Structures are given as C-alpha cells and as structure tokens.
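A.B. asks: sequence first, predicted model second:
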Amino acid sequence: MGTGERNQEAHVPEGTTGATNRAAAAADTAATAPRTPAPATAPAPRTLAESLRARPDESLAALLRARPDLLSPVPGDLTQLATRAGTRASVVRALERLDTFALQTAQVLAVAPDPAPYEAVRALLAGDDGDLQVERALPGALAALREQALVWGGDDRLRLVRTARELLAPSPTHPSPTGLGPTVAEATSGMSPGRVQEILQAAGLPATHDPVSAVAALTSLFTDRARMAELLDSAPSDALTVLDRLVWGPPYGEVSADPPPPVRWLRDHGLLLPASARTLVLPREVALHLRAGRAHRTTEPTAPAVAPLREYRPQVVDAAAAGQAFTALTTVEDLLAEWNEGGPAVLRAGGLSVRDLKRTATALDLSEPVTAFWLELAYAAGLLASDGEADERYAPTPEYDDWLDLPPAERWARLAVAWLAATRTAGLVGEQDTKGRTLAALGPDLDRSPAPEVRHRVLALLTTLPEATSPEPGSLLARLRWEHPARSGPDDLRSRLAQWTLSEAELLGVTGRGALTTHGRVLLTGAAGAAEREALGGLAAQALAPHLPEPVDHVLLQADLTAVAPGPLRRPLAAMLGVLADIESKGGATVYRFTAGSVRRALDAGRTASDLQAFLTEHSRTPVPQPLSYLIDDVARRHGHLRVGAASAYVRCDDEAMLGEIMADKRSQPLRLRRLAPTVLATTAEPGALLDGLRSMGYAPAAESAEGDVLITRADSRRTPRRSAPVPVPDGPPHPDETLLDAAVRAIRAGDTAATVVRKDQPESARTDGALPRTSSAETLATVQAAAMTGSAVWIGYVNAEGAASQRVIAPVRVEGGFVTAYDHTADEVRTYPLHRITGVSELADDPTP
C-alpha cells in the first residue's frame, strides 16, 4: 500500500475492495460526479472554501505541495481543507515561506480595507508616484499568495485570510512591519462624540449629527491630498518635526499630562489621537499622506542579484577543489585512525568533552571548529558512533572499513551527500543553548532543521553566477534574507548557516576558491530523495575522479632518516609506512621520519630486520641510506633482549650485568623491581606499565607469553556494532510526492462531492450540516437495488469497523449476500460495503449543484 493510500485511509473509512472492473464502473458513472467544476461562469466566492472549490485539480495539488502540513491527515472535503489552511500554525508556516515582496503584499492587505481592490493594493505598494517594478511584480506576488490560500477572491475583492490579517495587522502589542497605526475609525472608537466634534471644528470641518458621519468626514479629510496639504501648511514647524519622528513607525508616543504646544496642536486637529491616557498614536491615513501613499519605507519587488567576486578558469577551480577533496579524505582517515583503538568517552549528557575536542584538534593539527566539522561529518556519514557499552566511548563503525575499500572519488561522494542532507550543525559547537549549557561536538542538541535547505539554496545560488566565479558573500546573504525574511530572526540562523555552508563547502571540496565546481554542480541536479542523492553522488564521483591525484607506490628515502612520499600512497604502503615511521609533515608531499621508537613499533608488530630492509628496498626509488640500515639493525639487535611477562610482571635476561644495571638505575625505582634469580626481576606493576617504563629508560624489551614466545603486538581496531547514520530532523512535514498529491486531490474532491451533493427532499439549509442519512434497512436495500438497476449514484452514510462515520457518493453495481459492490466516488475505486453498516441512503437530485 502506497503512502497516498495510507494517508487517504487515515481519514476516509472504507469497505472491502470488490472484484468488479474499476474502469468499466467509472465509465458508467462518470456523469454523476464531475471531478473539477468549471470556473468560467461561477459566481464570486463568498468563502475560502468556495474559492478552493472553484480551483482546478492542478491548483489544489499546487496548494498541497506548497503547504504539506495540510495533508496530515488528508482533509475529508474542501471545507475541512479551508479550515485547516486558516489555522494559526499553518498560516505561520506559510508566511515563513514567502519572499520579501509577497510578504510585503500580505502586509499591505492587512492594513488595506477588507476586501481590497487591486488598485488599492497597488497604490499602497507603489505610492502616489508609482513604481514600474512594483506594478510588474504585483501580479506574481498575488498569484503566490493565492496559490498558498493566503489570499482569495477576485481582483476587485481581494481578501487576506483572517488569521493572516490578525498576525500582520498593527496593534499596540504587535506593531506592523509597515510601521502604520490604527485607522481613524479604530483610534476614535472609544472617543466621546463631543471630542470628535471638537476635532472636526479645529480641522475646519462642519459639525455632524452623529459620531459615524464625523469619523467619516475626518477620514475623508486625511485621505484628500489637497486638503491635507493645506492643513499641514498651517501646522507649526515643531509639529511637523514630531510627525517626522512617527511617520515610519512606531506610530505611538508617550506624552505628559501637559503636552508641549506642537503636540497639543496635533492632538487638537486629530493628527494625533489618544490611544490611552498617556499615549498618542498617528492615524494610518495621516501616516500614508506623509509617506506619499507608501505602506513601506522601502519596497523590494525584485530579488537582489548575487554579485560576482572573482572569476577563475574552470580548470583552476576544479583542481583546487580536488586537492581539498583529497585533504578531506585524509583528514577523516587520520581522525578515525586516531580513534581506531577506541576514542574518547561519551559525556553523560551526550557528546564530546571540551578537553577531548582540544586533544583531537591538536593531534590533527587543526583548529577546534574545523575538527568539530570533521567529527560531525564522519558521524553524519555513519563512519563514527558511540559503542553503546557501559563505559561508552566513540569508535569507528564497521561501515568505516567498507568506506576505506571504496575508490577515493566514491569515498568523497559519500561524505558530500551526507553533508548536504545532514541537519547536524557543527558551527554551533562551543555556543550555549537557551539554558546556558555549552553545546558539545557530537552532542544531542546540534540539529537545525533548515540546514539542508539552506545548503542546497546557497549552492543553487552559486549556479546563477558564470562558471568558475566566486560570489560576493554580502550579496548572497542579502539574497537569502530577501527570499525568506520571516525566518530571519534575531540571531539570523539562516545567514549563519549560509556562512558555514560556504566555509564547509570549501573544506570539503564542493567549491574551489569560493566557486562551485563541476562535480559540485552535479550534486544539485536532481531530487532530494535518498535514492536520488545516492545516484547523484555516483555521478559527482565520476566528475571528480579525473582531478584526484593518482596514488603512488614508492617513496624517496633520504640520508637524514626521512622518507618523502611524492603523492598519496597506496593503502598497503601507507599502512606499513605508518607503523615503521612517524609522520613529520603533510602537504603536497608527506614527510616520514624513522626513529628508534618507530622501528621498534614495526618489530613489535612481528616484522624482522630483514623484512624491513626488503620492504624499503622494494618501495624506495633511492637506495636505502646507510644510517637507516644501521638504525634498523641496531634496534633489531637489542629488540627482545629483555623479556617481560606476568608475575604480576617479570623481566628475564641472559645478561646478568644488564639486569644489575637496571636495578642500579634510579629511574627504575617507581617500578619496584626485585631480583628473584640472577636472570629474573619481578615487580607488582602490570606488564604494560613495565614495558613502558623500561622503554623510557632506553631499553627495547619484548613481551612474551606464558610459554616464553615473543608476543606480536598490533593495534587492536575497536569497532561499534553496526549502526545506521543519524536521520536528519525534518523541517516540518515531508514534501508529498506526485502519487500522494493525486490521491489526496481525488479524495478531497470526492469527499466534497459527498458533503455538498444535493439530495432529493433535502432543504437548502441542510446541505452541509454533516448529518448522516437515516433510513430503515428495508428502504436502504430497496434504494440501493434500484440504483444498481438504473446505474445511478446515491448518497449514503457509512460507519466502518472502528466506528468512524463518513458520507459517500456511490454507484451500486451489484447487491447480494448482504453486501453492495459499488464504485465509490469518495475513494475513486470499486469497493464492497456491508449493508448493515450503511446508516441510510438518499437519491441524488437530477440536477445536482456542488
């Protein structure tokens, strides 16, 4: 069963599916249930539900696509859809998705008369002088608001949904973004009739017989540009200064009991009206006159362009990004190799401690913020997790070993795909949450739902620039703020996410020198599903592979006990060289240094001196230097001369003088050695501690088993149980696919048909009361049988096994054995219903009207 069917059934009860051919039944009954009403001759809608009812199916699907929260669950009919679209939570989400100009248009509708004609909205946005860009953009903004069911009605009667008006309209506790105050009628609603007449007289208007006509006369004065200009010409200059301070908002000002003359003159002439005992407000009509008719100080009808910063050759960008991509792979490998034997402990509250983050950053020679990014990326890609033990620690996952076996380009693609979809936000590490607690790397509070959408949008904006061109960061942030102004809160999380995206994309090699790469563009060319992301990752890997350096199988040995790797080494060579030598520096070429300790480490891993000499001879393009050969032979000669076992621990050696030398050395005192025999020393220390102590004294002891054999020590790889990568936290309901949208629209249409269908002997007032039909069992059976014989549709009430009641329009096909098989217009398929669950049946009118 598909997602659309599950959602549909969650709201629409159903019987059992029959075996009658669905297509044939649909053809026989097509005339009884028109899918989409024709809007050409439809009267003007009186409600949002009627406006939705007049929409074609494509428009309803667009609404549900733009506002997926309306689908949880699928509404039973268009009245339910309209009600849900007007709830506060849903309207707030819809407003957050609007761009700046669409939001400004909604704000204008909130301060315009209700309903407002198109010309009134245009005048408030363009002002008295007009604005060609506004006039060109306004139809598109209104279309966007209509599509999201925030505005309905024709151009002569534009209506903002009531909840949106309440959210955007100005009030003393919630100022409007326009900075406008209440209208004259709203501001004078509690004023005494005598005071209103005094204002009329001061303004030079004739007295009226009632407050309503007085307010109308005052409003007419304030909206008349010529008369208002004359009134303001007579105002004291200080009074105009007061108006200038209030004109763009906030429109409220506090006054004393004895206001200064300029304020008194404005109050007496109604240009400032009392909002409370100590507060005056600038009426909306006065402010609009002073603003030359504009509702906003700055109207932004067009999106700001992303400005180019610098242009490069595409080859330069791809090469720079490929180098950074390879660095990203080696960094992740080094990080997880550092934690290969078990990483730091998990904090009780989750996450990595500040001390462990600093220690890891020092080991990787990176800053702490960059280290946090690589940790979060490895975690998001499923390469790193906690082991879940009682003493919980971080460790690589088994997926890390699978990842290591992939070609470099595919390993990079897996990291890039995980980064794009992750809601984990490494940039927050080190900041404090609302309770004052520090946010830890790998902690539980780093998910930010908008992160994937912001990353995709930032990279998509880079595609609008010429190829291999880096953006000017300020212009890019301005564009993002224009696209979603309602989501730009006090901390402006989206702008910070955008800045982090630019830096993280550069670290990961999605961009090179700030410009989007060829393989980066490939990542953005498809849908957002998991399978699509996987496929795009494969294509991006193919685009990146030619630019990555080829692994080499040799090094250059030098006389100063170093080896230079002229490029990335093949994995077996890199693994062995990492045991035999220590990495001294990285860059275009990696420098390894051989020391007595590193050679002993290789010997401890089971290699012999001849093995090491042969390995170096095979993989060096230069002869093995004599100092390196001497170093290997010298360490091998001394290696294993001392043997350490468990007594708790003991040391045995055939050379009695060497044991005497150890006992006489003051550095051995912490080991508390005692002589059991001429060739044996014993201690209460653990064998590992004894080995470390003797090595710190310059000896090369070897561990041995209870049988006296030398123990070969290799680093134990610690792995977590198999774990899936963390699931991104969605930003609201998931976006529906086309199958779900089609099923939902059919269900809503059919449910609306059942709810609004005209039945015989039904009064007009009872069409949409929601009451189920009630008929006797005999009448129900007779009516259904007659409908099956004539091929007509009937309206039924049905109660399913869970007790959920619904109304349906069905076209019966067969009635037998206590069941009716019919084509159900509500479910748009053939189903079988038990007759005893049908509460009643009613014939449809010959000429139904929706």
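C.D. replies: Received, thanks.

A.B. asks: pull the number of nearby residues for the residue nearest to residue 281 when sequence neighbours are not counted.
C.D. replies: Counting by Cβ to Cβ, 6 or more residues apart in numbering, residue 281 lies nearest to residue 275, which is 4.3 Å off, once chain neighbours are set aside. C-beta coordinates here come from the backbone N, C-alpha and C atoms, glycine included. Per other Cβ atoms under 10 Å, the neighbour tally for residue 275 reads 20.

A.B. asks: hmm, who's touching the helix or strand hosting residue 275?
C.D. replies: Using DSSP states H and E, residue 275 sits within strand 273-276. Strand 273-276 is contacted by residues 172, 182, 184, 187, 188, 191, 252, 267, 280, 281, 283 when judged by Cβ atoms under 8 Å, 6 or more residues apart in numbering.

A.B. asks: list the contacts of the fourth one.
C.D. replies: Right, residue 187. Here residue 187 is in contact with 181, 273, 274, 275, 281, 283 (Cβ under 8 Å, 6+ apart).

A.B. asks: helices of the stretch 251-400 of the chain, start to end?
C.D. replies: Ranges of helices in the stretch 251-400 of the chain, per DSSP state H, counting those that start in this stretch, are 261-268, 284-290, 314-338, 354-364, 368-380, 398-404.

A.B. asks: what's the longest strand along the chain packed up against?
C.D. replies: Using DSSP state E, we find that the single longest strand of the chain is strand 805-816. Contact here means 3 or more Cβ pairs under 8 Å, 6 or more residues apart in numbering; DSSP states H and E; on that basis strand 805-816 packs against helix 22-29, helix 738-756, helix 777-790, strand 794-799, strand 819-824.

A.B. asks: of these, which approaches residue 382 most closely?
C.D. replies: Ranking those by proximity to residue 382 (Cβ to Cβ) places helix 738-756 first, at 28.3 Å.

A.B. asks: can I get the closest one as PDB, trimmed to CA atoms?
C.D. replies: Extracted in PDB, the C-alpha atoms of helix 738-756 (Å, rounded to 0.1, in the frame of the first residue of the first chain):
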ATOM      1  CA  GLU A 738       3.000  13.300  -7.100                       C
ATOM      2  CA  THR A 739       1.300  10.000  -6.300                       C
ATOM      3  CA  LEU A 740       0.200  11.200  -2.900                       C
ATOM      4  CA  LEU A 741      -0.900  14.600  -4.200                       C
ATOM      5  CA  ASP A 742      -3.000  12.900  -6.900                       C
ATOM      6  CA  ALA A 743      -4.600  10.600  -4.400                       C
ATOM      7  CA  ALA A 744      -5.200  13.400  -1.900                       C
ATOM      8  CA  VAL A 745      -6.900  15.700  -4.500                       C
ATOM      9  CA  ARG A 746      -9.100  12.800  -5.700                       C
ATOM     10  CA  ALA A 747     -10.100  12.100  -2.100                       C
ATOM     11  CA  ILE A 748     -10.800  15.700  -1.300                       C
ATOM     12  CA  ARG A 749     -12.800  16.200  -4.400                       C
ATOM     13  CA  ALA A 750     -14.900  13.100  -3.800                       C
ATOM     14  CA  GLY A 751     -15.400  13.900  -0.200                       C
ATOM     15  CA  ASP A 752     -16.500  17.400  -1.100                       C
ATOM     16  CA  THR A 753     -19.000  15.900  -3.600                       C
ATOM     17  CA  ALA A 754     -20.400  13.700  -0.900                       C
ATOM     18  CA  ALA A 755     -20.600  16.600   1.500                       C
ATOM     19  CA  THR A 756     -22.200  19.100  -0.900                       C
END
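
A.B. asks: same question for that helix, mean pLDDT?
C.D. replies: Mean per-residue pLDDT for helix 738-756: 82.

A.B. asks: and the angle from the longest strand of the chain to helix 777-790?
C.D. replies: On the basis of axes from the mean of the first three to the mean of the last three Cα atoms, to 10 degrees, strand 805-816 is oriented at 70 degrees to helix 777-790.

A.B. asks: who's in contact with residue 59?
C.D. replies: residue 147.

A.B. asks: look up how far residue 259 lies from it.
C.D. replies: 54 Å (Cβ to Cβ, to the nearest Å).

A.B. asks: residue 138 now?
C.D. replies: Going from residue 138 to residue 259 by Cβ to Cβ gives 41 Å.

A.B. asks: name the spans of the stretch 551-700 of the chain whose pLDDT lies under the cut-off.
C.D. replies: Applying pLDDT under 70 to the stretch 551-700 of the chain flags residues 588, 643-647.

A.B. asks: could you redo the last one with a cut-off of 90?
C.D. replies: 551-553, 566-579, 582-590, 597-598, 600-609, 636-700 (pLDDT under 90).

A.B. asks: equivalent analysis for the stretch 301-450 of the chain, please.
C.D. replies: 334, 337-343, 348-349, 363-365, 387-392, 401, 405, 432-437.

A.B. asks: can you check the stretch 101-250 of the chain too?
C.D. replies: 114, 170-177, 186-212, 214, 249-250.

A.B. asks: now do the strands in it.
C.D. replies: Assigned by DSSP state E, counting those that start in this stretch, the stretch 101-250 of the chain shows strands spanning 151-152, 159-160.

A.B. asks: can I assume residue 343 is in contact with residue 395?
C.D. replies: Yes - Residue 343 lies in contact with residue 395 (Cβ atoms under 8 Å); the separation is 5.6 Å.

A.B. asks: name the residues contacting each of those two.
C.D. replies: The contact lists of residue 343 and residue 395 share residue 384, where a contact means Cβ under 8 Å, 6+ apart.

A.B. asks: now do the phi/psi pair for residue 67.
C.D. replies: Dihedral angles of residue 67 (phi, psi; degrees, to the nearest 10) stand at phi -130, psi 70.

A.B. asks: OK, contacts around it?
C.D. replies: 85, 90, 93, 94, 148, 149.

A.B. asks: and the fifth one, how far from residue 729?
C.D. replies: Meaning residue 148. 24 Å.

A.B. asks: more neighbours: these two, which one.
C.D. replies: Taking other Cβ under 10 Å, residue 148 and residue 729 do not tie; residue 148 has more neighbours (25 against 13).

A.B. asks: for the more buried one, give me phi and psi.
C.D. replies: According to degrees, to the nearest 10, residue 148 has phi -90, psi 10.

A.B. asks: ok, it to residue 746 distance?
C.D. replies: 21 Å.

A.B. asks: now swap in residue 652 and tell me
C.D. replies: Counting by Cβ to Cβ, the gap from residue 652 to residue 746 is 86 Å.

A.B. asks: show me which of those two is the more surrounded one.
C.D. replies: residue 746 (20 against 17).

A.B. asks: quick one: buried residues of stretch 809-825?
C.D. replies: With burial defined by 16 or more other Cβ atoms under 10 Å, the residues of stretch 809-825 counted as buried are 809-813, 815, 819-825.
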